[in-house]
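K.L.:
Give me coordinates for this.
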Amino acid sequence: MKKSIFFFASLLLGVSACHSPKEPQSVAEPPLLAFFKPMPTADTLHLEMPISEDAEKPGDTIPNDLFFSSLDTAWLQEIEHVADPKEAMVYGLGRFSIANGFDACLVGIHLNWFKHQSLLVYDKQRHAFTDRVTVAEWYGGEGGQILTGSWLFDYDMDGSKDLVQREIEHWMKMDDKGEPLETIVERANLLQFKEGKFIRMTMADSAALVKRFPIKSAW
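P.N.:
Below you'll find the predicted structure:
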């Protein structure tokens, strides 16, 4: 009888050991994150691309192989005009909080005289990047140029930072008499932060955003 009890107790211990909960494995942060140093932010952050060559102070240089292999292919297609792994220069400009559990990493990309800045949204719980959005840009050619700037703040007062994205498009064309005609168009978009992504909202009066959130113009 004693032997039977001992055998049964040993069997229970063996089954318990087989089904004991495993320790959760820690997920390593992506190597790209190390190139974004913490930066202080105010309630409102104005992001704009300096046009002059010496006005910008680049941050840590990010190896191209690392940067372009770390981003979703669809995100790279959105910025294909600067996403050149062979020629582009990539800089980590800073990291700051935009919502509970989420940081934004500000990255600068230079290609020839094109200048671009994106925010990469980082989910601190999943240890993964969940979105990319353009916040500042200066690019184009002799026939036309586009200048982009942004204002980052809590637009809807829900505790997370939203984005007002401003754009000025400038181009030259010939009128009926063959004279050069200058055209300038300004736009504004509101992107609210929802579940790890910036979602573009439909605005009834974008002209009000254009007036409220100005960016410097070269024209």
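K.L.:
For the protein, just list every one of the strands.
P.N.:
Remark: strands assigned in the chain by DSSP state E are 45-48, 60-61, 89-99, 102-111, 114-123, 128-140, 144-153, 162-174, 180-194, 197-201.
K.L.:
residues in contact with the residue most central in space within the chain?
P.N.:
Nearest to the mean C-alpha position of the chain, counting by C-alpha atoms, centre = their mean, stands residue 119 at 1.9 Å. By C-beta atoms under 8 Å, 6 or more residues apart in numbering, the residues touching residue 119 are 98, 104, 105, 106, 107, 132, 133, 135, 152, 163, 198. C-beta here means a position set from N, CA and C on the backbone, and glycine is covered the same way.
K.L.:
about what we covered before: for the strands of the chain, could you give me CSV that also reports mean pLDDT and distance to residue 81?
P.N.:
Output for those, formatted as CSV (pLDDT from 0 to 100; distance: least, C-beta to C-beta, whole Å):
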stretch, mean pLDDT, distance to residue 81
strand 45-48, 94, 19
strand 60-61, 91, 21
strand 89-99, 96, 14
strand 102-111, 96, 8
strand 114-123, 97, 7
strand 128-140, 95, 6
strand 144-153, 95, 10
strand 162-174, 91, 14
strand 180-194, 93, 18
strand 197-201, 97, 20
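K.L.:
would you turn the ones you listed into CSV with distance to residue 68?
P.N.:
Converted to CSV, the strands of the chain look like this (distance: least, C-beta to C-beta, whole Å):
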stretch, distance to residue 68
strand 45-48, 22
strand 60-61, 14
strand 89-99, 8
strand 102-111, 10
strand 114-123, 12
strand 128-140, 12
strand 144-153, 21
strand 162-174, 23
strand 180-194, 24
strand 197-201, 21
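K.L.:
Of all those strands, which one is nearest residue 207?
P.N.:
Using C-beta to C-beta as the criterion, the shortest distance between residue 207 and these is 7.9 Å, found for strand 180-194.
K.L.:
what does that closest one contact?
P.N.:
In this structure, residues lying in contact with strand 180-194 by C-beta under 8 Å, 6+ apart are 98-99, 102, 133, 155-156, 160-175, 198-201, 203, 206-207, 209-210, 213, 217, 219.
K.L.:
Narrow those to just the buried residues.
P.N.:
98-99, 102, 133, 155, 160-168, 170-171, 198, 209-210, 213 (16 or more other C-beta atoms under 10 Å).
K.L.:
Can you tell me the closest non-neighbouring residue to the residue nearest to the centre of the chain?
P.N.:
residue 104 (4.6 Å; C-beta to C-beta, 6 or more residues apart in numbering).
K.L.:
so the one you found bridges to which residues?
P.N.:
In this structure, residue 104 bridges to residue 96, residue 121 when assessed by DSSP bridges.
K.L.:
so it makes contact with residue 96?
P.N.:
Yes. Residue 104 is in contact with residue 96 according to C-beta atoms under 8 Å; the separation is 5.9 Å.
K.L.:
So those two - more neighbours on which side?
P.N.:
In this view residue 104 and residue 96 are compared by other C-beta atoms under 10 Å, and residue 104 has more residues nearby, 28 against 18.
K.L.:
what's the distance between that one and residue 111?
P.N.:
22 Å (C-beta to C-beta, to the nearest Å).
K.L.:
what does residue 218 give?
P.N.:
For residue 218 relative to residue 111 (C-beta to C-beta), the value is 19 Å.
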